[in-house]
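K.L.:
Quick one, structure for this:
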Amino acid sequence: MTISNFLIGTTLLMLAAGFGIPMMANLNAGLGVRLSNPLAAVVVLTGVTFLTSSLVLLASGGIGDLLVIGHFKTIPTVYFLGGVLFVFYITSITWAAPRIGVGNAIFIILLGQLLSATTIDHFGLFGAIKSTITPKRALGLLVMAIGLYLAQKEV
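P.N.:
Numbering: from 1, shown residues only. The predicted structure follows:
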């Protein structure tokens, strides 16, 4: 099997994204501590997120797609839940990281991500590519979950 440049690039992109998540969690947790309010930190983070993503959208020339109001009428409402889940994640990690440590918080999140991703893939939820859970895949997930458990620090 040959590994394509696309697969290598995608893997590196996802690795960088994964690398950034604990950094984001720790930075926003620190902001929440300094503001004495985790929700205030979430508002600041989402404001910066909005500005940054708007600039990237403008730079990419994709702003026209956003401005076509007809597009929004055809999108099922469930797809907008992602924004709510983003705020839930950011609020949770901003609150939890200073209390149990960023490593412990991320390890627990990773376990939730494994379970959620497996369920989404198995049933092809929200338009995902369907990937049935096989015994081999279930074993791999179990090994990953055990690894997360073993790597978790004592609270």
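
K.L.:
and the next element down the chain from the strand or helix carrying residue 9?
P.N.:
Here residue 9 sits within helix 5-35, counting by DSSP states H and E. Counting by DSSP H and E, the next helix or strand C-terminal to helix 5-35 is helix 38-60.

K.L.:
And stretch 21-29, how far out from the chain middle?
P.N.:
Centre-to-centre, stretch 21-29 and its host chain are 12 Å apart (CA atoms, centre = their mean, to the nearest Å).

K.L.:
Can you give me the buried ones in it?
P.N.:
Within stretch 21-29, the residues scored as buried using 16 or more other CB atoms under 10 Å are 21-22, 24-29. All C-beta spots, glycine's among them, are computed from the backbone N, C-alpha and C.

K.L.:
rewinding a little: report the buried residues of the helix holding residue 9.
P.N.:
21-22, 24-29, 31-32.

K.L.:
Likewise for stretch 102-115?
P.N.:
102, 104-111, 114.

K.L.:
and what of stretch 139-155?
P.N.:
Within stretch 139-155, the residues scored as buried using 16+ other CB under 10 Å are 141, 148, 152.

K.L.:
closest to residue 51 among those?
P.N.:
Lowest distance from residue 51 to these (CB to CB) belongs to residue 148, with 33.9 Å.

K.L.:
I figured the closest one was touching residue 110, is that so?
P.N.:
Yes. Assessed by CB atoms under 8 Å, residue 148 is found in contact with residue 110 at 5.6 Å.
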